[in-house]
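> Fold the following, please.
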Amino acid sequence: MDSRCSSSADSRLTGRGAESLTTRLESYEAGEKKCISDVRRTFCLFVTFDLLFISLLWIIELNVTGGIAKQLNTEVMHYDYRASFFDIFLLAVFRFACLILAYAVCRLNHWWAIAVRTTSGGATIVPAD
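Have a look, this model is predicted:
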């Protein structure tokens, strides 16, 4: 056992009690080193793949409809919400930024960030014609 885990109690423990304490301290230290939980890491990975998938679909759509450079100019500079998928891409970028900020950087433990993002995303996609 190294110096940071030693205490005056260690000198009083002998035999099996000292081994038990050492085992408990080592298992506690190993568990403490984990900075992000498996569920949180999986969620952040899911959000990242969502952004990458939407980006790939948008690039494929740009390439199929007449070349990436020409269609990028048409969809971004001359934006029309009926014909452009640029809004879906921006929504994916915004969703990625908000959720990664909330759950990876700030480490929130509540579901409200997902609820707000889902509600605002639905309101953005459904146009009021």
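> Number of residues surrounding A104?
Neighbour count of A104, defined by other C-beta atoms under 10 Å: 16. Quick note: C-beta positions are derived from backbone N, CA and C, even for glycine.
> which residues sit in contact with T65?
Q71 (C-beta atoms under 8 Å, 6 or more residues apart in numbering).
> please renumber so the chain begins at 56
Done: numbering now begins at 56, and the last item shifts to T120.
> any idea of the pLDDT on it?
Looking at T120, its pLDDT is 86.
> cool, the one 4 residues further on as well?
Per-residue confidence (pLDDT) for A124: 89.
> could you measure it against D105, distance?
Using C-beta to C-beta, to the nearest Å, A124 is found at 26 Å from D105.
> Give me the more crowded residue out of the two.
D105 (14 against 9).
> Does the closest residue to that one other than its chain neighbours lie in a helix or a strand, and which?
Nearest residue to D105, sequence neighbours excluded (C-beta to C-beta, 6 or more residues apart in numbering): A147, at 6.4 Å. Secondary-structure assignment from DSSP states H and E places A147 in helix 141-155.
> thinking again about what came up before, list the residues that contact the residue nearest to D105.
D105, L106, I109, S110.
> Surely the first one touches F151?
Yep, that's D105 we're talking about. Yes: using C-beta atoms under 8 Å, D105 makes contact with F151 at a distance of 7.0 Å.
> Report pLDDT for R95.
84.
> That one: neighbouring residues, count only.
15.
> I figured it hits C161, correct?
No: with contacts counted by C-beta under 8 Å, R95 stays clear of C161, the gap being 11.4 Å.
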